[in-house]
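>>> Would you be able to build a 3D model of this:
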Amino acid sequence: MIIDSHAHLNDEKLFPLAEEIHAGLEKNGLSAVVNVGYDEESCLKCVALAEQYRKFYAVVGMHPHDSRLADNAFYDLITRLAQGKKVLAIGEIGLDYYYDLSPRETQKKVFLEQLELARALKLPSVVHLRDAYGDMYKLLKENRPLLEYGFLLHCYSGSKEMLSEFAKMGAYFSFGGAVTFKNAVDKPDVVRSAPTDRILLETDCPYMTPVPFRGKPNRPEYIVYTAEKIASFLGKDREEIEDITLKNTKEFFKKINDSL
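Got it, this is the predicted structure:
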């Protein structure tokens, strides 16, 4: 069985299909889906889905795109939502210099504030990182006490060299549909450089749809194609990768064990 460690069934493309997707999870080899928020509305939807469906879980936080909107009211909301037994982490939080939809200094400030919140709540953090590897490494290295409860670099797309540096800090790494893309020539070496006991699987649905469904909205059941590709990179059977990543996901999201 597989846990989709990062999904967005709160997205308008998939939210109306939540009941159908939940009903088909076991048939499609999934034991759970972790839905991740990125602003106030999406966080509320994540929690609503987790409360309504047994195999859905939630992560709540402010995406770097929207970090300019973070305020005390938002942090109060996240603090309240995080008390729920099915809210597993703070995220997705981080840095994104590709679009720069919020000023970089604001992104850094809000990222650190949310790391502080995660530590106060004794929760791990789910980190979004794009085109900001140097600044992210510096921030994490200078603020290692804030990583006490763990952090996950979701949809990791950096180099194997940077992966090794983050791994020294205890990072977990999730991989998604991008590993199946034809232009993903560096992915085998990157995946092989990750500690096997810290690899997770994700879809990031409805985004990052794997081959052979490119061009269509991604769905949790497509995660098997990522599992197969990761297995081929590591020279293992898919079933072994499913077992490894299931164990890793439960270890990272410790609260998930209360109900799985």
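>>> Mind listing the residues bridging to Phe175?
Beta-bridge pairing of Phe175 under DSSP bridges involves Leu201.
>>> Would you agree it is in contact with Tyr156?
Yes: Phe175 is in contact with Tyr156 according to Cβ atoms under 8 Å; the separation is 6.4 Å. In this view, the C-beta of every residue, glycine as well, is placed from N, C-alpha and C.
>>> so Leu123, which of the three states?
coil (DSSP: H, G, I helix; E, B strand; the rest coil).
>>> quick one, what contacts it?
If you count contacts by Cβ atoms under 8 Å, 6 or more residues apart in numbering, Leu123 has them with Ala82, Val87, Leu88, Ala89, Ile90, Tyr149, Lys255.
>>> Pick the one among those residues closest to His6.
Within the contacts of Leu123, proximity to His6 (Cβ to Cβ) peaks at Ala89, which comes in at 10.2 Å.
>>> I'd assumed that closest one was in a strand, is it?
Yes: Ala89: assigned to a strand according to three-state DSSP.
>>> Count the residues that sit near it.
Neighbour count for Ala89, taken as other Cβ atoms under 10 Å: 31.
>>> Could you list everything it pairs with in the sheet?
Under DSSP bridges, the residues paired with Ala89 across the bridge are Val59.
>>> Find the residue ranges of the chain scoring beneath the pLDDT cut-off.
Counting by pLDDT under 70, the ranges of the chain that qualify are 258-260.
>>> What ranges does it have for its strands?
For the chain, strands defined by DSSP state E occupy the ranges 2-7, 30-36, 56-60, 87-96, 125-130, 151-153, 172-175, 199-201.
>>> how close does Cys205 get to Lys182?
20 Å (Cβ to Cβ, to the nearest Å).
>>> More neighbours: which of these two?
Neighbour count, other Cβ under 10 Å: between Cys205 and Lys182, Cys205 has more, with 27 against 7.
>>> those helices in this structure, which residues are they?
18-23, 40-52, 72-81, 104-121, 133-142, 160-168, 187-193, 223-234, 238-252 (DSSP state H).
>>> Could you quantify the relative orientation of the last one and helix 223-234 as an angle?
Looking back up the chat, that one is helix 238-252. 100 degrees (axes from the mean of the first three to the mean of the last three Cα atoms, to 10 degrees).
>>> Dump the C-alpha coordinates for helix 238-252 into PDB.
Extracted in PDB, the C-alpha atoms of helix 238-252 (Å, rounded to 0.1, in the frame of the first residue of the first chain):
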ATOM      1  CA  ARG A 238       7.700  -1.800  -6.700                       C
ATOM      2  CA  GLU A 239       6.300  -3.700  -3.700                       C
ATOM      3  CA  GLU A 240       9.500  -3.200  -1.800                       C
ATOM      4  CA  ILE A 241       9.400   0.600  -2.600                       C
ATOM      5  CA  GLU A 242       5.800   0.700  -1.400                       C
ATOM      6  CA  ASP A 243       6.700  -0.900   1.900                       C
ATOM      7  CA  ILE A 244       9.800   1.300   2.400                       C
ATOM      8  CA  THR A 245       7.900   4.600   1.600                       C
ATOM      9  CA  LEU A 246       4.900   3.500   3.700                       C
ATOM     10  CA  LYS A 247       7.100   3.100   6.700                       C
ATOM     11  CA  ASN A 248       8.900   6.300   6.000                       C
ATOM     12  CA  THR A 249       5.700   8.300   5.600                       C
ATOM     13  CA  LYS A 250       4.400   7.000   8.900                       C
ATOM     14  CA  GLU A 251       7.700   7.800  10.600                       C
ATOM     15  CA  PHE A 252       7.600  11.400   9.300                       C
END
